[in-house]
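*Asks:* this is the structure alone, sequence omitted:
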């Protein structure tokens, strides 16, 4: 079975947003970059562009890894090369979801239960498969005679038997059998007036349950359960896809957030370095006390630590995102830097939904609810089957058969015997199917167990399973209700946080400008400037985090209401046809 492709719309790329600080110019950015290289040369390799390996490089092991995957029968990663731009893996959020659906290992694993459920339907239908049996045997017998009635001093006989049978169980529970047999017997006995003799027979019989096992429902119930199991597997698969998409979206924005955080920390470091250089010049000119230099110097050291932590946090987020979209399966793709182009800043009207509407959509759309509904239907079917199993086994049987005999007929009253008639296998079957010599009969068969413990245990298990699934349904509704409530509350909170973060960032910018102006005029102190710089960095990071929080909150609402697949126009083809 192949996984259905997900078709997503192609949307234009949006340029990532860049922030500008009015107090920081290009020189400060360059100075901060140089300082970062001087204090952490090991980080240079992480920021340098990575090109696709050539055959002469160690990436040859990556080709060997892909070849090993091909030999094992697993599909190789696909679709990544078209997103490689200038040595980077450049992705929009929609492209990342498309790649995840095509390459994520969990997607392939989650298809397994669907295949198993499909095979379960075939297995449940097997009891209605007709069967044909056939046999042939030949026996040669040579034995000395001890009486003249044997017809020869040494009796030699040959018997050949052939049989063809057909049997089938109908969906009503009726079992039918039909068979055709033939026998050819020859002997050297003079008393056999038909020699060789050819006999044919036809037999028809049926067995119809009247209590236990009677009717279409009882006999088709295993097929109905298997079909619902397939529907349940498909619903569970859809739920898993929802979770995978949510993970990809969260991972995408985590990388964007870590990247923005690194940019903020670098800018903060550059501003701190700029303040330290200015204080250092003032110290050299005698305009600053030696004790006052430690404030700006300490700020530079703290910002260095923050940059290093942000750098490695970005690396960790990128590795997790590569795993989610399957980019880690190909070493050459895994080595590429990521360029995620979607901007976390929301555009247009912000999402708004109330709790009752969201809960109604969730209960109607969530695949988990549909899967549990199928399970409850199976419980009801199993319960009816268990009740039927308590009934006695009473069945009606009937049979009718016909036979015919022909061959080479001799008049043994004269010597030597004279052939008077001759017939073949067709003549014998004609007599058999004409039912000129019929045998027929019918009857009832009753099996009445004095104690049917197995049936009572099956009924008890069916009741327990139904009760457990009813509680599971209530628990699922509680979980969905809580998840929807939390998602709606987080959405409202993220919108308020985003608005407050913008105001806080603007005020922090104005405060920094005021503190720098006062310090330049000699009316302020350096620690107030450093504090203002730290506040600006924190406010800018909070604004970015609030925007990413809003994007994640929107995704959480869409996941909770079952609208995530529709949001990204992911269509899963019907797997049971």
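*Replies:* Perfect, I can see it now. Fair warning: this is a prediction, and the values are worked out from it, not measured in the lab. Residues are numbered from 1 along each chain as shown.
*Asks:* what about the nearest residue to residue 213 once chain neighbours are set aside, which SS state?
*Replies:* Leaving aside its chain neighbours, residue 213 sits nearest to residue 173 (5.0 Å; criterion: C-beta to C-beta, 6 or more residues apart in numbering). For glycine as for every other residue, the C-beta is placed from the backbone atoms N, C-alpha and C. Following DSSP: H, G, I helix; E, B strand; the rest coil, the label given to residue 173 is coil.
*Asks:* so what's the residue count around residue 173?
*Replies:* Residues lying near residue 173 (other C-beta atoms under 10 Å) number 19.
*Asks:* got the buried residues for the host helix or strand of residue 311?
*Replies:* Assigned by DSSP states H and E, residue 311 belongs to helix 293-325. For helix 293-325, the neighbour count (16 or more other C-beta atoms under 10 Å) marks 293, 295-297, 299-300, 303-304, 306-308, 310-311, 313-314, 317-318, 321-325 as buried.
*Asks:* what's near enough to touch the closest residue to residue 365 other than its chain neighbours?
*Replies:* Excluding the flanking residues, the one nearest residue 365 by C-beta to C-beta, 6+ apart is residue 562, at 2.9 Å. Taking C-beta atoms under 8 Å, 6 or more residues apart in numbering, we find residue 562 in contact with 242, 361, 362, 364, 365, 366, 367.
*Asks:* which two of the residues you listed have the greatest separation?
*Replies:* 242 and 364 (14.7 Å; C-beta to C-beta).
*Asks:* residues in contact with residue 557?
*Replies:* Residues in contact with residue 557 (C-beta under 8 Å, 6+ apart) are 351, 353, 358, 484, 487, 488, 490, 491.
*Asks:* how about residue 186, secondary structure?
*Replies:* Assignment for residue 186 (three-state DSSP): strand.
*Asks:* and the spatially closest residue to it that is not a sequence neighbour, backbone torsions?
*Replies:* Spatial nearest neighbour of residue 186, chain neighbours left out: residue 196 (3.6 Å); criterion: C-beta to C-beta, 6+ apart. Per-residue torsions, residue 196: phi -80, psi 150 (degrees, to the nearest 10).
*Asks:* what's the distance between residue 196 and residue 437?
*Replies:* 20 Å (C-beta to C-beta, to the nearest Å).
*Asks:* over to residue 165?
*Replies:* Distance of residue 165 to residue 437, computed by C-beta to C-beta: 21 Å.
*Asks:* give me the helices and strands touching the strand ranked longest in the chain, please.
*Replies:* The residue-count maximum for a strand in the chain (DSSP state E) belongs to strand 393-411. Applying 3 or more C-beta pairs under 8 Å, 6 or more residues apart in numbering; DSSP states H and E, one finds that strand 393-411 contacts strand 194-209, strand 418-422, helix 425-433, strand 438-447.
*Asks:* pretty sure residue 334 contacts residue 328?
*Replies:* Yes. With contact defined as C-beta atoms under 8 Å, residue 334 reaches residue 328; the gap is 4.9 Å.
*Asks:* so what sits against both of the two?
*Replies:* Contacts common to residue 334 and residue 328, judged by C-beta under 8 Å, 6+ apart, are residue 322.
*Asks:* any idea how many residues pack against residue 450?
*Replies:* Applying other C-beta under 10 Å, we find 4 residues neighbouring residue 450.
*Asks:* would you say it is within a helix?
*Replies:* No. Counting by three-state DSSP, one finds residue 450 to be coil, located in no helix.
*Asks:* pLDDT averaged over stretch 76-96 - what is it?
*Replies:* Summarised as a single mean, pLDDT over stretch 76-96 is 91.
*Asks:* for it, which positions count as buried?
*Replies:* 77, 80, 83-84, 88-96.
*Asks:* what does stretch 538-558 give?
*Replies:* Across stretch 538-558, burial judged by 16+ other C-beta under 10 Å covers 539-558.
*Asks:* one step back: so which of the buried residues of stretch 76-96 sit within helices?
*Replies:* 93, 94, 95, 96 (DSSP state H).
*Asks:* just give the nearest non-adjacent residue to the third one, would you?
*Replies:* Setting aside the residues directly before and after it, residue 95 is nearest to residue 83 in space (C-beta to C-beta, 6+ apart), at 6.1 Å.
*Asks:* list the contacts of the one you found.
*Replies:* Residues near residue 83 by C-beta under 8 Å, 6+ apart: 89, 90, 91, 95, 99.
*Asks:* residue 157: which of these is nearest?
*Replies:* residue 99 (78.9 Å).
*Asks:* on that earlier part again, closest to residue 205 out of the buried residues of stretch 76-96?
*Replies:* The closest of the buried residues of stretch 76-96, once distances to residue 205 are taken by C-beta to C-beta, is residue 77, at 60.4 Å.
*Asks:* quick one, what contacts the closest one?
*Replies:* Counting by C-beta under 8 Å, 6+ apart, residue 77 touches 66, 103, 326, 327, 329, 330, 333.
*Asks:* repeat that for 10 Å
*Replies:* 66, 69, 99, 102-103, 325-330, 332-334 (C-beta atoms under 10 Å, 6 or more residues apart in numbering).
*Asks:* could you do residue 368 as well?
*Replies:* With contact taken as C-beta under 10 Å, 6+ apart, residue 368 is in contact with 235, 236, 238, 239, 242, 362, 473, 476, 479, 480, 562.
*Asks:* which ones are touching the fifth one?
*Replies:* For residue 242, the residues meeting the contact criterion (C-beta under 10 Å, 6+ apart) are 366, 367, 368, 558, 559, 560, 562, 563, 564, 565, 570.
*Asks:* quick one, domains of this protein?
*Replies:* Annotated domains of the chain cover 26-120+221-376+463-567, 130-169+174-212+393-448 [automatic domain parsing].
*Asks:* now do the same end-to-end measure for the last one.
*Replies:* Between the start and the finish of domain 130-169+174-212+393-448 there is a gap of 29 Å, counting by C-alpha to C-alpha, to the nearest Å.
*Asks:* where along the stretch 151-300 of the chain do the helices fall?
*Replies:* 216-284, 293-325 (DSSP state H, counting those that start in this stretch).
*Asks:* to residue 432, which of those helices lies closest?
*Replies:* Across the helices of the stretch 151-300 of the chain, residue 432 has its closest neighbour in helix 216-284 (32.1 Å, C-beta to C-beta).
*Asks:* just the angle between that closest one and helix 293-325, please?
*Replies:* Helix 216-284 runs at 160 degrees relative to helix 293-325, counting by axes from the mean of the first three to the mean of the last three C-alpha atoms, to 10 degrees.
*Asks:* strands of the stretch 51-200 of the chain, residue ranges please.
*Replies:* Here the stretch 51-200 of the chain has its strands, by DSSP state E, counting those that start in this stretch, at 84-85, 88-91, 131-144, 154-169, 175-187, 194-209.
*Asks:* most packed of these?
*Replies:* Highest mean neighbour count of those: strand 88-91, a mean of 21 (counted as mean count of other C-beta atoms under 10 Å).
*Asks:* what's that strand packed up against?
*Replies:* On a contact count with 3 or more C-beta pairs under 10 Å, 6 or more residues apart in numbering; DSSP states H and E, strand 88-91 meets helix 93-103, helix 293-325, strand 337-340.
*Asks:* distance-wise, check the residue nearest to residue 95 relative to residue 260.
*Replies:* Note on residue 83: its distance to residue 260, by C-beta to C-beta, is 21 Å.
*Asks:* and if you look at residue 176?
*Replies:* Using C-beta to C-beta, residue 176 is found at 75 Å from residue 260.
*Asks:* repeat for residue 532
*Replies:* For residue 532, the distance to residue 260 equals 21 Å [C-beta to C-beta].
*Asks:* about what we covered before: and the helices of the stretch 151-300 of the chain: which comes nearest residue 424?
*Replies:* helix 216-284 (42.5 Å).
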